[in-house]
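Engineer: Here is a sequence together with a model predicted from it:
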Amino acid sequence: MRPRVPDSEAWWRYDLARLEADTAEITATFPDLQPLQDGGAGAGWIGALPLWPFERAAPAVFPSEVVGLTVAVLMLPSYPMTMPRVIPLDPEPEFVERTQHRWHVNGDGSLCMLQEQRNWTGREAICELLLKAAGWRLEYELVRAGTYPAMSLAGIVTDNSRDAAIAAHYGAGRP
């Protein structure tokens with residue numbers, strides 16, 4: 001259990017508008033995410049992301065047992081100037097996968113969401129990160145299966161170059 005951030009140090013005390021905007025966006029886009037019990041939405045979110053929340057049609061009919069990534073999204077006291085930590089809970093990367101860039105997992109177990117930290121300015125929408133996390137789940141399975149040696153640099157949110165491999169991996173073809 002992570003320590004609770006005292007309200008006096010909570011980021012949202014200084015940016016209530018951002019808290020309200022993030023809450024509205026997450027609630028509308030990812031309704032299965034719930035505020036963390038130890039501090040509400042200002043501390044973070046937890047729950048399952050949809051398996052395919054992207055604007056284009058899914059490349060496969062996914063088996064019912066294949067579900068979206070379960071995550072914990074943790075906002076540090078310096079949010080939104082620092083990017084939230086997105087931690088995959090299910091599936092959870094193995095320890096050795098935290099030591100190799102090809103998995104896009106940081107040493108602390110959080111997802112590596114951007115190629116460079118400086119690409120996060122604090123003005124980005126949090127749901128952009130959550131869409132990348134949803135795509136990470138599918139690419140993770142492709143790399144584990146040996147379909148690709150590494151995850152793509154941009155992710156599959158807007159890049160359909162791995163859609164055929166996703167369809168083949170799940171053995172379903174197009175819906």
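Structural biologist: Structure received.

Engineer: Quick check: pLDDT value at the residue nearest to Pro93 when sequence neighbours are not counted.
Structural biologist: In space, and not counting its chain neighbours, Pro93 is closest to Val105: 4.6 Å by CB to CB, 6 or more residues apart in numbering. Any C-beta I mention is one placed from the backbone N, CA and C, and that applies to glycine too. Val105 is assigned 94 on the pLDDT scale.

Engineer: ditto for Ala60
Structural biologist: pLDDT, Ala60: 89.

Engineer: ditto for the one 5 residues further on
Structural biologist: Reading off the confidence values, Glu65 has pLDDT 90.

Engineer: do the same with Gly40
Structural biologist: 60.

Engineer: Which helix or strand contains the closest residue to Ile166 other than its chain neighbours?
Structural biologist: Distances taken as CB to CB, 6+ apart place Pro59 nearest to Ile166, at 5.0 Å, with adjacent residues excluded. Counting by DSSP states H and E, there is no helix or strand that carries Pro59.

Engineer: For burial, what's the neighbour tally of Pro59?
Structural biologist: When neighbours are counted by other CB atoms under 10 Å, Pro59 registers 23.

Engineer: quick one, what contacts it?
Structural biologist: Contacts here follow CB atoms under 8 Å, 6 or more residues apart in numbering; on that basis Pro59 touches 160, 163-164, 166-167, 174.
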